[in-house]
Structures are given as structure tokens and as C-alpha cells.
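Peer 1: Just need the structure, nothing else, for what follows:
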Amino acid sequence: MDSANKKIAAPSDSFVTNSNLYQEFLAEREEILKHKWLESEKVGRDIGFERALLDWIRKHRNSWREQRRPERLTSEN
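Peer 2: Model (predicted):
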């Protein structure tokens, strides 16, 4: 696990870890890390989390959230 991954440890408070907001944060972070890996592979070097984050937000965040919306509504009912 690299230093960027060590900074975010799961809180011990089950209220926080079970919250929808925290679960969405973790899912989005996972997508950003996947994007970071894919883009780093393309250029042959680590592009860094910040660059991957900004690139993912610009290119993929809206569609990713739209795809998750039905899933969230179904799981909340």
C-alpha cells in the first residue's frame, strides 16, 4: 500500500463506516485509483493521484455518478 492509500484509514465508528456518504466516497476513490493505474500504464510511469483525480473528474465522474444513481435508489428503498 503506498503512502496515498495509508492516509485514509477506515474510521472505527460504525456510524461513519456504514454511512451512504462514506460508502460513496470509498467507491469513488476506488474508481480514481483504477483510473490512475490505467493512465499510468499508458504513459509508462506513475501519473500521481492528483493528476488522476482531476482527469477522472473531468472525463468520467458525471457518467459514473449517473450509472450509480439507480443502484443507490434501489438499495435505499
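Peer 1: ok, now how distant is the most centrally placed residue in the chain from Gly44?
Peer 2: In the chain, the residue lying closest to the centroid (CA atoms, centre = their mean) is Arg29, at 1.7 Å. Arg29 is 24 Å from Gly44, where distance means CB to CB, to the nearest Å. Heads up, the C-betas are built off the backbone N, CA and C, glycines and all.
Peer 1: just to revisit the earlier point, for the residue nearest to the centre of the chain, give me the backbone phi and psi.
Peer 2: Main-chain dihedrals, Arg29, degrees, to the nearest 10: phi -60, psi -40.
Peer 1: Name all residues that make contact with Trp64.
Peer 2: Glu28, Glu31 (CB atoms under 8 Å, 6 or more residues apart in numbering).
Peer 1: Please work out the average pLDDT along the strand or helix carrying it.
Peer 2: Per DSSP states H and E: Trp64 is located in helix 61-76. Mean per-residue pLDDT for helix 61-76: 76.
Peer 1: Name the spans of this structure whose pLDDT lies under the cut-off.
Peer 2: For the chain, the stretches flagged by pLDDT under 70 are 1-13, 70-77.
Peer 1: so where do the helices sit in it?
Peer 2: Secondary structure of the chain (DSSP state H): helices at 3-6, 14-17, 20-43, 49-59, 61-76.
Peer 1: Leu33: neighbouring residues, count only.
Peer 2: The criterion is other CB atoms under 10 Å. On that basis, Leu33 has 17 neighbouring residues.
Peer 1: separation between His35 and Trp56?
Peer 2: Going from His35 to Trp56 by CB to CB gives 4 Å.
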